[in-house]
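A.B. asks: Okay, structure incoming, though there's no sequence with it:
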């Protein structure tokens, strides 16, 4: 089956989840087997995040054009790069390196054949061998040795070049095929039919041939392909490291004793034992035992976390000391590790806005180079020195060979792939490249209070009933209602009731008012729990004495919730949520990066002011409903600011979506994480400072790559055309052009790989 067969385009930024191979240059080019990109002709890359589907074909994509997809390996029809799978299986190294093995074999055989061709062609430089350099036997050897190099070792380049003409997507292989083909065919005709050339070109009865140029160019392009394939494989090292976190087996606890089973056989509900020093296989909740767990590979934090019964554990983390039994609840694709791998893989395939500039330039690049090559040929043919035809062909070939658009196409996607992977190693999950690009431009950060600045695990501190009511009755009514709410404050009230051994009642007609409160019928009585404003909207007045007591609690940074039963205030509850130890440091780091912070919270003004003053925030907004948070985000954006929003609750989701960059705390709700462009697994604001530094480093790396690619072509093409010849008598050999072309894309990828060592 021809590479690229059944290639197809996929609309949208992110390709589908199951793609085994993809093209790093062409958006959407995917395949399920190794091969070439039908667009750019480059070798498809193995997707390290790919996991074998239960059924159905693997999808392959181009890393540079993600809209290209197909169900088997091939080449991208736009850029010619080999397609890569969109997700990966750990341990399939053999298939992963198929393209690299093929190119390496062609390189070694082609190099062995091309070396004597080059020596024979250069023999005229040695006085002892000058007489035989242009002999018939030498020319026959050059022809016989160079032909398999060009037609076998270089065959993939001609296939990709031909495909580019058929598809109309001209790329680097268009230029390589034309250049090598022109040099070899010119030499072939000159060798067998010298009489077709003018006498000035055959002073000794023979026309100069360039078999060595064609052969060496093929070998040099192969060198570049091998180096590039090896370097591109390293861009997926972050995902491979994540995949290797999960152990291959788990210890299932059964009635007959512990039994070791493959990880793929673990099901939700299984009870699993984890011994000291072992990796935790899947996500779950500890039922027996306690331990300290090293979560650094997921969160980036080096200190072990103490775990006991009731605490969650994450697959891929390492049990340090104790032994425990936990019940699995999220396995396979539902586990946090699998979600991280998939999110990272999709982000690495997404396209940054800066890629739009590259696409516009690339669309005009190859036609422009072809036009320059034609102009070079004509100028040398009509105005150059003798032998004019030979000079015209050689210089036109040099132009075609040196003008490789690969470096330009790889400049952005390679940096994005490495940058996203680096972020994942530090617990920073970037949903797409656009979010990564915008992060570095953020000037204002809007933050929620609960769960973002604070620990998000508030505790009930005060229960103050109204006259004629006791604490337990008040708490029973409030906790019964709040049990149906997802808010962290509601969880604190429920926990408080459970600690007092209070039996909660059933609730009917439950309703929740976002950023206001909850209401429902408890034991046949209508009950309300929420802010004073919420009670007022329900027609319930709060007496002045109770408001004064609430004000005193709020001045201490506590959050107050009023409770009403049958239309009358029954008392109030105070909840305290301690500020995270890392918050003050995080705010200082963000200020150093030039980012200002505003806290937008639904809490009352007194509590918000106390927190803002303690942390040194630039602004704060209190008693803000979700619509108010969106309004604040939009107001800052209208003022020309680039705004990020950080939150963790359902009520934060609209503002997260409205901000230029939404940042969700990994400790928060799934809705918040779905609405955000960035998720911090640890839920630590210091991660935002790291993410901003990562964004700026990545964009700086992209600009370096683009500068190199533009300057390389701006200088290389005129040199190859012979612009220096009239002044210095210097021409650029096609072989040197081939070497420079091969190294250009490798240089871009090597520069992108420096991000793996970026300090965050």
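C.D. replies: Alright, I've got the coordinates. From a predicted model like this one, the values you see are computed outputs, not experimental measurements. Numbers count the residues shown, from 1 in each chain.

A.B. asks: worst-scoring helix or strand of this protein, pLDDT-wise?
C.D. replies: Least confident helix or strand, the chain: strand 8-9 with a mean of 40, by mean pLDDT, DSSP states H and E.

A.B. asks: tell me what the helix or strand following that strand is packed against?
C.D. replies: Note on strand 8-9: by DSSP states H and E, the next helix or strand toward the C-terminus is strand 21-22. Under the contact definition 3 or more Cβ pairs under 8 Å, 6 or more residues apart in numbering; DSSP states H and E, strand 21-22 sits against strand 30-31, strand 45-46, strand 60-61, strand 84-85. Every residue, glycine included, has its C-beta placed from N, CA and C.

A.B. asks: how about a cut-off of 10 Å?
C.D. replies: strand 30-31, strand 45-46, strand 60-61, strand 68-70, strand 84-85, helix 336-349 (3 or more Cβ pairs under 10 Å, 6 or more residues apart in numbering; DSSP states H and E).

A.B. asks: Can you pull out the low-pLDDT segments for the stretch 101-250 of the chain?
C.D. replies: Residue ranges of the stretch 101-250 of the chain with pLDDT under 70: 123-134, 200-201, 203-204, 231-243.

A.B. asks: any idea where the helices of it begin and end?
C.D. replies: Per DSSP state H, counting those that start in this stretch, the stretch 101-250 of the chain carries helices over the ranges 136-148, 155-167, 172-192, 211-234, 237-243.

A.B. asks: Buried deepest among those helices, which one?
C.D. replies: Greatest average neighbour count among the helices of the stretch 101-250 of the chain goes to helix 211-234 (a mean of 25), per mean count of other Cβ atoms under 10 Å.

A.B. asks: Show me what that helix is packed up against.
C.D. replies: So helix 211-234, by 3+ Cβ pairs under 10 Å, 6+ apart, packs with strand 45-46, helix 98-121, helix 136-148, helix 155-167, helix 172-192, helix 388-402, helix 406-425, helix 734-753.

A.B. asks: try it again with 6 Å
C.D. replies: Using 3 or more Cβ pairs under 6 Å, 6 or more residues apart in numbering; DSSP states H and E, the elements in contact with helix 211-234 are helix 98-121, helix 136-148, helix 172-192, helix 734-753.

A.B. asks: quick one: that helix to chain centroid distance?
C.D. replies: 27 Å (Cα atoms, centre = their mean, to the nearest Å).

A.B. asks: cool, and stretch 513-533?
C.D. replies: Distance, stretch centre to chain centre, for stretch 513-533: 44 Å (Cα atoms, centre = their mean).

A.B. asks: repeat for stretch 434-451
C.D. replies: 18 Å.

A.B. asks: Repeat that for stretch 534-553.
C.D. replies: How far stretch 534-553 lies from its chain's middle: 49 Å, per Cα atoms, centre = their mean.

A.B. asks: and what of stretch 710-728?
C.D. replies: On the basis of Cα atoms, centre = their mean, stretch 710-728 sits 37 Å off its chain's mean C-alpha point.

A.B. asks: Now do the buried residues in it.
C.D. replies: Neighbour counts over stretch 710-728 (16 or more other Cβ atoms under 10 Å) mark 712, 713, 716, 717, 718, 719, 720, 721, 722, 723, 725 as buried.

A.B. asks: Let me know the secondary structure of the third one.
C.D. replies: When states are read from DSSP: H, G, I helix; E, B strand; the rest coil, the local structure at residue 716 comes out as helix.

A.B. asks: what separates it from residue 512, distance-wise?
C.D. replies: Distance, residue 716 to residue 512, using Cβ to Cβ, to the nearest Å: 65 Å.

A.B. asks: Next: the fifth one.
C.D. replies: For residue 718, the distance to residue 512 (Cβ to Cβ) stands at 69 Å.

A.B. asks: so what's the residue nearest to residue 110 when sequence neighbours are not counted up against?
C.D. replies: Nearest residue to residue 110, sequence neighbours excluded (Cβ to Cβ, 6 or more residues apart in numbering): residue 153, at 3.2 Å. When contacts are counted by Cβ atoms under 6 Å, 6 or more residues apart in numbering, residue 153 touches 106, 110, 218.

A.B. asks: ok so, going back, dump the helices of the stretch 101-250 of the chain to JSON lines, plus distance to residue 735.
C.D. replies: Supplementary listing: those in JSON lines, determined by distance: least, Cβ to Cβ, whole Å:
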{"stretch": "helix 136-148", "distance to residue 735": "13"}
{"stretch": "helix 155-167", "distance to residue 735": "16"}
{"stretch": "helix 172-192", "distance to residue 735": "10"}
{"stretch": "helix 211-234", "distance to residue 735": "5"}
{"stretch": "helix 237-243", "distance to residue 735": "34"}
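
A.B. asks: So which of those is nearest residue 400?
C.D. replies: When these are compared by Cβ to Cβ, helix 172-192 sits nearest residue 400, at 3.5 Å.

A.B. asks: could you give the angle of that closest one to helix 406-425?
C.D. replies: 140 degrees (axes from the mean of the first three to the mean of the last three Cα atoms, to 10 degrees).

A.B. asks: Please name every helix or strand in contact with helix 172-192.
C.D. replies: Judged by 3+ Cβ pairs under 6 Å, 6+ apart, helix 172-192 is in contact with helix 155-167, helix 211-234, helix 388-402.

A.B. asks: and the longest strand for this structure?
C.D. replies: strand 568-576 (DSSP state E).

A.B. asks: Show me what counts as buried in the helix or strand just after that strand.
C.D. replies: Sequence order places helix 583-592 as the next helix or strand after strand 568-576, per DSSP H and E. For helix 583-592, the neighbour count (16+ other Cβ under 10 Å) marks 583, 586, 587, 589, 590 as buried.

A.B. asks: Kindly reformat those as JSON lines containing distance to residue 403.
C.D. replies: Below are those laid out as JSON lines (distance: Cβ to Cβ, whole Å):
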{"residue": "583", "distance to residue 403": "53"}
{"residue": "586", "distance to residue 403": "48"}
{"residue": "587", "distance to residue 403": "50"}
{"residue": "589", "distance to residue 403": "44"}
{"residue": "590", "distance to residue 403": "44"}
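
A.B. asks: With residue 479 as the reference, name the closest of the helices of the stretch 101-250 of the chain.
C.D. replies: Closest approach to residue 479 among the helices of the stretch 101-250 of the chain is made by helix 237-243 (40.2 Å; Cβ to Cβ).

A.B. asks: related to what we said a few turns ago, make CSV out of the helices and strands packed on helix 172-192 and add distance to residue 692.
C.D. replies: Formatted as CSV, the helices and strands packed on helix 172-192 follow (distance: least, Cβ to Cβ, whole Å):
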stretch, distance to residue 692
helix 155-167, 40
helix 211-234, 25
helix 388-402, 38
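
A.B. asks: what sits against residue 29?
C.D. replies: 23, 37, 39, 61, 62, 65, 68, 76, 83.

A.B. asks: Could you report the pLDDT at the closest residue in space to the last one that isn't next to it in sequence?
C.D. replies: Nearest in space to residue 83, with sequence neighbours left out and distances taken as Cβ to Cβ, 6+ apart, is residue 44 at 3.2 Å. Residue 44 is assigned a predicted lDDT (pLDDT) of 74.

A.B. asks: Just the pLDDT at the closest residue to residue 245 other than its chain neighbours, thanks.
C.D. replies: Distance criterion Cβ to Cβ, 6+ apart; nearest residue to residue 245, sequence neighbours excluded, is residue 316 at 3.3 Å. Note on residue 316: pLDDT of 83.

A.B. asks: what's the spacing between residue 304 and residue 274?
C.D. replies: From residue 304 to residue 274 the distance is 14 Å (Cβ to Cβ).

A.B. asks: now swap in residue 280 and tell me
C.D. replies: Where residue 274 is concerned, residue 280 sits at a distance of 6 Å (Cβ to Cβ).

A.B. asks: Could you do residue 749 as well?
C.D. replies: 40 Å.
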